[in-house]
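# predicted structure and sequence below. I'll ask about it afterward.
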Amino acid sequence: MSASGGADDRVLFDVDPERRIATITLNNPKQRNSYDPAMRDALARCLDRVAEDDDLTVAILRGADGVFSTGADMNNAYAWYGPASDEQAKRRPSQRRRLTVDRKSFGFYHNFMGFPKVTVAEVAGYALGGGFEMALMADISVIARDTKVGMPATRFLGPALGSLHLFFHRLGPVLARRLLLTGDIVEAGELEHLGIFTDTCNPVSVTARARYWAEKVAKMPADGVVIAKEAFRLVEQSQAYNGEEVASYLFHAYGTNLQFGPGEFNFVKTRAQHGSKEAFRLRDEHFHVPEPPEAT
C-alpha cells in the first residue's frame, strides 16, 4: 500500500503489513530532499500513523533518488518563521517569534528521538543539517560510505545549531566540536571506526542492508520493542539529554539572531544580493582554508 504524507506528495508512505514495516520516503529530489515546514509536518503525520498502528513495529526513513536529506530548506531561511503580517515579513523575525517557532521545530526532533517504534534510517548521498540529525537519532542507521555528513549551516547560523546534547552524546566531544566549529562536511567512511552508525556499507548495498535490519527488528515481540524504546529513552534522558528539551531551541533561537562584523560571511544578506546558488558558492569560497603541505 502506497500513499503520500497527507496532501504533500513530497513525503511518500508505504506499508508492508505482512512484515510489520512502514517505509517513509522524503521525495523532494530536485532539492536533494531538503524540507520546508509543510514537508516536515507531512513527515510527522506519517510517523504518527506508524506510532498509532499496533500492527507496525518498524519505520524505515529514506530519501528518493539516492539522497537521504540535506536538511531544512535554506533558500528562504526566514520563511521558517512564518511572518504573522506583511509588516513582519519586511524585517528579521523578533526574538519572541524565533523562540515560538524553534520550540515547535525542536519538538519534531524530540518526538523523532523518542519515537515509540523502531526507526531505521537508510542513508545515502547526503545527510546534512537536520538530515544528519535524523540519521543520528534513528535507532538503527545504515549509511553508505561515500555519504557526505555534517552541519554546514553552522557557517552562517553559528556553532550553537541543532541538538547539542545529541552531537556530544552520539559523536563525542572532539568530533562534535570539529563539525560545529568548522562546518566541515566529511564522508561517513572516515567515521566508520568510531561506530557512530549501525552499519556502514557500500552504496549499492544500503537499501538492502536497511531492509535487512528492519526485518530483523520486526521479528521481535512488538510490545517488548515499545517497552524497550521507553526504557532506552529514560536512560538517555537521565544520562545524556538532561536539559535537551529546552537548551536546543533556546540556543538555536538566540544563535539565528547573530550580528555580523566586518569581514564575516552573512549568508542571508549575500543570498539577497546574489541569489542562492551564488551565495552557496561564495560561502564555500569564504570558508575554504587550504591545508598546509606535509612536512618532509
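Yep, it's here.
# chain center to stretch 204-219, what's the gap?
Here the centre of stretch 204-219 is set off from its chain's centre by 21 Å, with Cα atoms, centre = their mean, to the nearest Å.
# and Val142, helix, strand or coil?
strand (DSSP: H, G, I helix; E, B strand; the rest coil).
# helices of the stretch 1-150 of the chain, residue ranges please.
37-52, 86-89, 95-113, 130-137 (DSSP state H, counting those that start in this stretch).
# what's opposite Glu122 in the beta bridge?
Val142 (DSSP bridges).
# tell me if I'm right that it and Ala208 touch.
No - using Cβ atoms under 8 Å, Glu122 is not in contact with Ala208; the gap is 9.7 Å. In short, each C-beta sits where N, CA and C put it, glycine included.
# neighbour count for those two, which is higher?
Glu122 (26 against 11; other Cβ atoms under 10 Å).
# strands of the stretch 101-250 of the chain, start to end?
118-123, 126-128, 140-144, 148-150, 185-187, 199-201 (DSSP state E, counting those that start in this stretch).
# in its sheet, what does the fourth one sit against?
By that I understand strand 148-150. Strand pairing (DSSP bridges) places strand 148-150 next to strand 126-128 (parallel), strand 185-187 (antiparallel).
# starting at the chain centroid, how far to the last one?
This means strand 185-187. For strand 185-187, the separation from the chain centroid amounts to 15 Å (computed by Cα atoms, centre = their mean).
# what sits up against that strand?
Strand 185-187 has contacts (Cβ atoms under 8 Å, 6 or more residues apart in numbering) with Leu128, Arg145, Asp146, Thr147, Lys148, Val149, Gly150, Pro152, Leu179.
# neighbours of the nearest residue to the second one once chain neighbours are set aside, how many?
Right, the one you point to is Arg145. Distance criterion Cβ to Cβ, 6 or more residues apart in numbering; nearest residue to Arg145, sequence neighbours excluded, is Gly189 at 3.5 Å. Look at Gly189: counted by other Cβ under 10 Å, it has 15 neighbours.
# what of Lys216?
13.
# so how far is Asp139 from it?
When distance is defined by Cβ to Cβ, to the nearest Å, Lys216 is 12 Å away from Asp139.
# who's in contact with the nearest residue to Tyr241 once chain neighbours are set aside?
The shortest distance from Tyr241 to any non-neighbouring residue, by Cβ to Cβ, 6+ apart, is to His165 (4.7 Å). Neighbour list for His165: Ala240, Tyr241, Asn242, Gly243, Glu244, Ala247, Ser248 [criterion: Cβ under 8 Å, 6+ apart].
# kindly report the same for Asn257.
Asn257 neighbours (Cβ under 8 Å, 6+ apart): Arg92, Gln95, Arg98.
# same question, Ser205
Contacts of Ser205 (Cβ under 8 Å, 6+ apart): Ala144.
# quickly note the distance from it to Asn33.
In terms of Cβ to Cβ, Ser205 sits 20 Å off from Asn33.
# what's the burial count for Arg62?
Count around Arg62 with other Cβ under 10 Å applied: 25.
# so it versus Tyr241, what's the distance?
From Arg62 to Tyr241 the distance is 26 Å (Cβ to Cβ).
# can you check Gly107 too?
14 Å.
# now swap in Ala295 and tell me
Plainly put, Ala295 is 42 Å away from Tyr241 if you go by Cβ to Cβ.
# more neighbours, these two?
Counted by other Cβ under 10 Å, Ala295 and Tyr241 do not tie: Tyr241 has more neighbours, with 20 against 4.
# which ones are touching that one?
Taking Cβ under 8 Å, 6+ apart as the test, what Tyr241 contacts is His165, Leu166, His169.
# kindly report the same for Asp73.
Contacts of Asp73 by Cβ under 8 Å, 6+ apart are Gln31, Ser34, Tyr35, Asp36.
# since that was my last question, I'll sign off now.
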